[in-house]
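Undergrad: What follows is a predicted protein model with its sequence.
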Number of protein chains: 2
Amino acid sequence: MPALSPSALRPVSVSPRPVALSATLAVNEALARRSRAGLPVLPMGFGEAGIPIHPALTEALSAGADRGGYGPVAGSDELREAVAGYWTRRGLPTDADRIVAGPGSKPLLFALLLALGGAVAVPAPSWVSYAAQAALLDDDAVMLATPPGEGGVPSPALLADACVRARAAGRPLRAVVVTLPDNPTGTLASAGTIQRLCEVARDHDLVIISDEIYRDLVHDPEESVPSPSRWAPERTVLSTALSKNLAAGGWRVGVVRVPDGPFGARLRDSLTGIASEIWSSAPAPVQHAAAYAFGEPAELVERIDASRRLHSAVVRAVAGRFTAAGARVPRPQGGFYLYPDLEPLRDRLDGEHGVTTGAGLTGLLLERYGVGVLPGSAFGDDPGALRMRVAPSLLYGADDEHRLAALEASDPVALPWIAGALDRLSEVLADLTRDALEPLPEVC
Amino acid sequence: MPALSPSALRPVSVSPRPVALSATLAVNEALARRSRAGLPVLPMGFGEAGIPIHPALTEALSAGADRGGYGPVAGSDELREAVAGYWTRRGLPTDADRIVAGPGSKPLLFALLLALGGAVAVPAPSWVSYAAQAALLDDDAVMLATPPGEGGVPSPALLADACVRARAAGRPLRAVVVTLPDNPTGTLASAGTIQRLCEVARDHDLVIISDEIYRDLVHDPEESVPSPSRWAPERTVLSTALSKNLAAGGWRVGVVRVPDGPFGARLRDSLTGIASEIWSSAPAPVQHAAAYAFGEPAELVERIDASRRLHSAVVRAVAGRFTAAGARVPRPQGGFYLYPDLEPLRDRLDGEHGVTTGAGLTGLLLERYGVGVLPGSAFGDDPGALRMRVAPSLLYGADDEHRLAALEASDPVALPWIAGALDRLSEVLADLTRDALEPLPEVC
């Protein structure tokens, strides 16, 4: 049968839904293009842990490489048992039947929003995908400011108010998302705030989705994470993954823990039903490696300890550079982010560069200096604020040899490639905030 | 801060969306439970290829095991280049920028429906997840009967009619799904039918989603697959994966090819935007192995050839057993499924067993005999029809040693474990369709 002639082709008028690339992934790709073009970059936009995969993990993946079958939708027994142990060791006795695994915690969070339906409250600022996922489902994401210095948690008072308004408007809130510790601010909410949030959630019958992917990366090992599962276990869904503490983001495995009791069972069944139609299962070889990792063997615990020390040292050093340049920086407490506010430099940034928004600022940093960071607006923050998320973990090294050296260094910020990056950052910030009318040193 | 007392727990009244487990995965899990209880099973419900992962593939996965980074949303350059080559070798010149990879073709199909929005036409019967995915998105899936003996493609005349009706109802169809060769029927639509479908799609401005995951498993190597990309390249989106031809379903990697031209570019951007918010990327180590596989090295081509011969021999033998028992079976042409119709036995099934529906029939087969198959209704077929999908590939062997022997056998149906399963099937069918009033042989 002859093919139709090309003249018979008719343009397609269907308009695909316009969806922007996730901001974190987009900046990563922009920097990669710049790098390929031979331009200097200071990549601090993307949320990767910047450390190598531990060899014991790659071995475990190889050992599972012959697993070609789909396996159970919720994850292998082996993986779910290991994850149950992980949460049990954190003070939350957990049965394996409460665990659902998936190809990343990102799809699991999407499935949670789909399972719960309706509007969801999220902190402003917060991780880029919570609100974006709700938008894909045509659900409302109600962005609520966090208490000062306590990122990752909507202010309980604002949340209570939003519940009342949303119910009055006929679109009641079904859930609230918290991030402990927080991305993008690197801060950790207090136990008092979380307890008040739990009370509001209970009063207004909200499900609490607690994203604890950075939980094991709280800088001070004495500091405990105030998980809402402590105060509202009946309505708290927890999520975590290997992406951040073991730098296995590209492996695609995440897990959620649904509450004990009948609501949790219904939610699990809904989640697995959704999973069976959208993604079938997490990658089987990766599940095998993840089961090993969630068992917390000594060598991986040591690796996570080392990464925590590295993250802490570098974010503190970067925070110091921003502070020295005149920015305000909330004290980073966990993970590998900081969230400087250049408000004190607004007049100079406007006068010298015409910069009046966060996106204007980060655009200038990218285009003029190759510094990749994300504006607060990418996280739902006020577009006019001069805040940005800085993720210095990609400065740990350009290859695994340097990254391992950083992990093992007692003073990682003194390593030449990290010190060099910090100095470059200081230069950029100095140049950015220099008053052109002020005589330059060499001219004096 | 003390935890609230348990008496403060308040039951959660939020009702998660009820979503049934995908029927194919559910029957698999039911059989596994039966098997663990020591009951005999004849597992023919689940769409796994039933062959081992090729050692060269596990080696490629191990070689990529240290890839912990997320990488580009649409997939690594290496993978997209390899997939472009795969389609180019099939007569469709393809640029790597038209390829989007994801953690399975299932999530990619979901993202396609989300990107295109609106109602979609799907064949009845068809793979369980097309309509289920549309339902998750609250979109209409319009099920349209296929031409007789040509599964996987809505009848072009019915499609044209549905387009007119849908438009009149204010919910115009945006896309039509075809499966070449088909799951569940194992048949392959004719070139004439596909060409007419392309004309209807063009007349009514539909996007064609052509799921060609079984493409390399057409039994007769001389038979060419009539892909709609031949007649309507400007509006055809292709999908495939490694799940079926290389039995790597549990690895979770699939790919789509969007059309050349501006519509395809917009669709790709929408897909990658959606991917960036729902799943980030396909698993990086698996992408590395998939790049190797889509390069079609000789050892994998041989493996696929051997699996095609095995699938063909076994489905033909199983079809023969059903035919001998009095069923009608459309001739299987590709993949590893057949779709017997027990309509000729309706009176006996009703009289002896009270069976009047496909689900009644498959329920009886599962509960009385441990035979796991899926009713046609799971695929959107008429619930009253006595049709079922039979997937004999899990009979190839209980372990890799037996499965390899099956792959290598010149007459696999003579192998004792396959012959035994076939004989058991014949016994079951004989018992099921025996007229109790008819004197049994041993009584004569």
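TA: Everything's here; your move. Residues are numbered from 1 along each chain as shown, chains lettered A, B, ... in the order given.

Undergrad: From here on, just use CA atoms for contacts and neighbour counts.
TA: Noted.

Undergrad: any idea how far A:Pro125 lies from B:Gly397?
TA: Taking Cα to Cα, to the nearest Å as the measure, A:Pro125 and B:Gly397 are separated by 54 Å.

Undergrad: who has more neighbours, the two?
TA: Each of A:Pro125 and B:Gly397 had its neighbours counted (other Cα atoms under 10 Å in any protein chain shown), and the higher figure belongs to A:Pro125 (25 against 19).

Undergrad: Let me know whether that one touches A:Asp381 as I believe.
TA: Yes. Taking contact to mean Cα atoms under 8 Å, the distance of 4.8 Å between A:Pro125 and A:Asp381 places them in contact.

Undergrad: Give me the common contacts of these two.
TA: Listed contacts common to A:Pro125 and A:Asp381 are nil; contacts here mean Cα atoms under 8 Å, 6 or more residues apart in numbering or on different chains.

Undergrad: So in that sheet, which strands flank the host helix or strand of A:Arg174, and in what orientation?
TA: Using DSSP states H and E, A:Arg174 falls within strand A:173-179. Strands that pair with strand A:173-179, judged by DSSP bridges, come out as strand A:119-124 (parallel), strand A:207-211 (parallel).

Undergrad: pLDDT on the shortest one, on average?
TA: What that stands for is strand A:207-211. Taken as a whole, strand A:207-211 has a mean pLDDT of 98.

Undergrad: and the direction of the helix or strand following that strand versus that of strand A:173-179, what angle?
TA: Remark: after strand A:207-211, the chain's next helix or strand is strand A:236-241, criterion DSSP H and E. For strand A:236-241 against strand A:173-179, the angle between stretch directions is 40 degrees (axes from the mean of the first three to the mean of the last three Cα atoms, to 10 degrees).

Undergrad: who does strand A:236-241 touch, helix- and strand-wise?
TA: The contact analysis (3 or more Cα pairs under 8 Å, 6 or more residues apart in numbering or on different chains; DSSP states H and E) places strand A:236-241 against helix A:105-116, strand A:207-211, strand A:254-257.

Undergrad: could you redo the last one with a cut-off of 10 Å?
TA: Secondary-structure packing of strand A:236-241 (3 or more Cα pairs under 10 Å, 6 or more residues apart in numbering or on different chains; DSSP states H and E): helix A:77-88, strand A:99-102, helix A:105-116, strand A:173-179, strand A:207-211, strand A:254-257, helix A:262-278.

Undergrad: would a markdown table of those with mean neighbour count be doable?
TA: Listed next are the helices and strands packed on strand A:236-241 as a markdown table, based on neighbours: other Cα atoms under 10 Å in any protein chain shown:
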| stretch | mean neighbour count |
| --- | --- |
| helix A:77-88 | 20 |
| strand A:99-102 | 28 |
| helix A:105-116 | 24 |
| strand A:173-179 | 26 |
| strand A:207-211 | 25 |
| strand A:254-257 | 27 |
| helix A:262-278 | 24 |
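
Undergrad: Now render the ones you listed as a markdown table, adding distance to B:Asp211.
TA: Supplementary listing: the helices and strands packed on strand A:236-241 in a markdown table, determined by distance: least, Cα to Cα, whole Å:
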| stretch | distance to B:Asp211 |
| --- | --- |
| helix A:77-88 | 32 |
| strand A:99-102 | 23 |
| helix A:105-116 | 23 |
| strand A:173-179 | 36 |
| strand A:207-211 | 35 |
| strand A:254-257 | 28 |
| helix A:262-278 | 15 |
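
Undergrad: To A:Leu310, which of those lies closest?
TA: Nearest to A:Leu310 among the helices and strands packed on strand A:236-241 is strand A:173-179 (21.3 Å), distances taken as Cα to Cα.

Undergrad: angle of the closest one against helix A:105-116?
TA: Direction vectors for strand A:173-179 and helix A:105-116, defined by the same axes, to 10 degrees, enclose an angle of 160 degrees.

Undergrad: What residues does A:Ala119 make contact with?
TA: A:Ala119 makes contact with A:113, A:134, A:138-142, A:163, A:166, A:171-176 under the criterion Cα atoms under 10 Å, 6 or more residues apart in numbering or on different chains.

Undergrad: So what sits opposite it in the bridge?
TA: On the basis of DSSP bridges, A:Ala119 is bridged to A:Leu173.

Undergrad: ok, and the helix or strand in chain A with the lowest average confidence?
TA: Of all helical and strand segments in chain A, the minimum by mean pLDDT, DSSP states H and E falls on helix A:23-36, at a mean of 80.

Undergrad: Just after it, pick out the following helix or strand.
TA: Using DSSP H and E, the helix or strand that directly follows helix A:23-36 along the chain is strand A:42-43.

Undergrad: Give the pairing partners of that following strand; include direction for each.
TA: Sheet pairing of strand A:42-43 (DSSP bridges) gives strand A:371-372 (parallel).

Undergrad: and whichever helix or strand comes after the partner strand, is it in reach of chain B?
TA: Next along the chain after strand A:371-372, taking DSSP H and E as the criterion, comes strand A:374-375. No. Judged by Cα under 10 Å from any Cα of the partner chain, strand A:374-375 stays clear of chain B, getting no closer than 16.0 Å.

Undergrad: Likewise for stretch A:192-205?
TA: Yes. Using Cα under 10 Å from any Cα, stretch A:192-205 reaches chain B at A:192, A:195, A:198-199, A:202-205.

Undergrad: Can you select the buried ones from those in ChimeraX?
TA: Those of the residues of stretch A:192-205 next to chain B that count as buried under 16 or more other Cα atoms under 10 Å in any protein chain shown are selected in ChimeraX with:
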select /A:195,198,199,202,204,205
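
Undergrad: Just the ones of the residues of stretch A:192-205 next to chain B in helices?
TA: A:192, A:195, A:198-199, A:202-203 (DSSP state H).
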